[in-house]
Structures are given as C-alpha cells and as structure tokens.
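Asker: The following block contains a protein sequence and its predicted model.
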Amino acid sequence: YEEALGAYGRMRSPAYHHLANMAACHAQLGHDDEARRLVKQVLELKPDYSARAWVESRPFKRDEDRERLLADLLKAGLPE
C-alpha cells in the first residue's frame with residue numbers, strides 16, 4: 001500500500017477513482033484521518049460514487065483481486 005501511495009503521489013491531478021484507491025490504501029495502513037479526507041474529496045468530485053459499481057466496471061483476472069479492492073474501498077468509508 002505504501003508503494004501504491006508513492007505512485008499516486010506522483011500524479012499531478014489524480015481523478016476521483018485514484019483518490020478512492022488512495023483512501024483504500026490509507027485505510028489499510030491505519031491512516032484513518034487521511035482515508036476520511038480522501039473519501040470526502042471523492043464524494044465532492046463524484047457525489048454518486050459507488051465502490052461496487054466502480055470495481056465491477058474494471059477488468060480483473062482474479063475474483064479475489066476484485067473482492068479485495070471492494071473491501072478496501074469500503075473500509076475507507078466509501079459508499080457501496
């Protein structure tokens with residue numbers, strides 16, 4: 001998760017879905033305040049954001065990867 005945050009941190013203007021993934025990373029690392037801050041940003045940019053809809057729209061080779069991302073997004077506090 002730290003490595004992913006480093007990559008996201010190098011982005012100039014991350015889109016809402018990048019911010020959501022960053023929130024998930026912070027939630028997994030126990031950085032709850034930062035996860036909540038990012039969730040707020042996501043919902044300001046995309047008020048109808050749905051973690052499930054986002055994950056289901058992405059191609060995954062393995063179902064467990066899809067399930068893990070959904071669980072991480074939900075842990076961050078994003079709406080299902």
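Answerer: Yes, it's here. Residues are numbered from 1 along each chain as shown.

Asker: And the average pLDDT for the helix or strand harbouring residue 64 is what?
Answerer: Assigned by DSSP states H and E, residue 64 falls within helix 63-76. Averaged over helix 63-76, pLDDT sits at 97.

Asker: Run through the neighbouring helices and strands of it.
Answerer: Counting contacts by 3 or more Cβ pairs under 8 Å, 6 or more residues apart in numbering; DSSP states H and E, helix 63-76 packs against helix 16-28, helix 32-45, helix 51-56. For every residue, glycine as well, the C-beta is placed using N, CA and C.

Asker: Name the residues that touch it?
Answerer: 20-21, 23-28, 35-36, 38-39, 51-52, 54-56, 58, 60, 80 (Cβ atoms under 8 Å, 6 or more residues apart in numbering).

Asker: Only the buried subset of these, as a PyMOL command please.
Answerer: To isolate the buried members of those in PyMOL, using 16 or more other Cβ atoms under 10 Å:
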select buried, resi 20+21+23+24+25+26+27+28+35+38+39+51+54+55
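
Asker: Report back the residue of this structure that's furthest from centre.
Answerer: residue 61 (18.9 Å; Cα atoms, centre = their mean).

Asker: Over to that one. Which of the three states is it?
Answerer: Classification of residue 61 using DSSP: H, G, I helix; E, B strand; the rest coil returns coil.

Asker: residues near residue 63, how many?
Answerer: 8 (other Cβ atoms under 10 Å).

Asker: now residue 41
Answerer: Other residues close to residue 41 by other Cβ under 10 Å number 16.

Asker: Quick check: closest non-adjacent residue to it.
Answerer: residue 19 (5.2 Å; Cβ to Cβ, 6 or more residues apart in numbering).
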